[in-house]
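Student: one predicted model, sequence on top.
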Amino acid sequence: MDDGYEARLLTVEQIAESVDLFRRHYHDARSRYPNAAEKLVFNEALKSIFDGFVGDLIAKHGATGESRCCAFCGRGSPPPGAARRVQPRG
């Protein structure tokens, strides 16, 4: 959405018409900041969407207290079904 909007290929109206989730968050942001520029309201709507996604992810996986970290940070165990990384012999 952001790339299409930034490139002026899509308008806020077109995105809101096609993406219900964006429409709800955009209208909420517009209500909270009625005098803000369209781009700022657009950014606030995207931020709100991402906040919701992350909040849901934390609520679902973080509340268990289990570490779901992967091999990149070296803590915990990878999620079920994740490929294991083989350490090269040194």
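Tutor: Cool, got the structure.
Student: how about low-confidence regions in this protein?
Tutor: The chain contains residues with pLDDT under 70 at 63-90.
Student: could I get the full set of helices for it?
Tutor: Using DSSP state H, the helices found in the chain span residues 2-6, 12-18, 20-32, 38-61.
Student: got the angle between the last one and helix 20-32?
Tutor: Using axes from the mean of the first three to the mean of the last three C-alpha atoms, to 10 degrees, the inter-axis angle of helix 38-61 relative to helix 20-32 is 120 degrees.
Student: so which bits of helix 38-61 are buried?
Tutor: Burial within helix 38-61, assessed by neighbour count using 16 or more other C-beta atoms under 10 Å, is assigned to 41-42, 44-46, 48-49. C-beta coordinates here come from the backbone N, C-alpha and C atoms, glycine included.
Student: before we move on, what about the third one?
Tutor: Buried residues in helix 20-32, counting neighbours by 16+ other C-beta under 10 Å, are found at 22-23, 25-26, 29-30.
Student: quick one: these as CSV, columns for distance to residue 7 too.
Tutor: Shown next, in CSV, are these (distance: C-beta to C-beta, whole Å):
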residue, distance to residue 7
22, 17
23, 20
25, 21
26, 18
29, 21
30, 22
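Student: wait, which of the residues you listed is closest to residue 56?
Tutor: residue 25 (14.0 Å; C-beta to C-beta).
Student: and the residue nearest to residue 1 when sequence neighbours are not counted, how many neighbours?
Tutor: With C-beta to C-beta, 6 or more residues apart in numbering as the criterion, residue 1 has its nearest non-adjacent residue at 5.4 Å, and that residue is residue 15. Using other C-beta atoms under 10 Å, the number of residues around residue 15 comes to 18.
Student: which of the buried residues of helix 38-61 sits closest to residue 5?
Tutor: Distance to residue 5 across those (C-beta to C-beta) is lowest for residue 42, with 6.2 Å.
Student: if I pick that closest one, what's in contact with it?
Tutor: When contacts are counted by C-beta atoms under 8 Å, 6 or more residues apart in numbering, residue 42 touches 5, 12, 26.
Student: no more questions from me, cheers.
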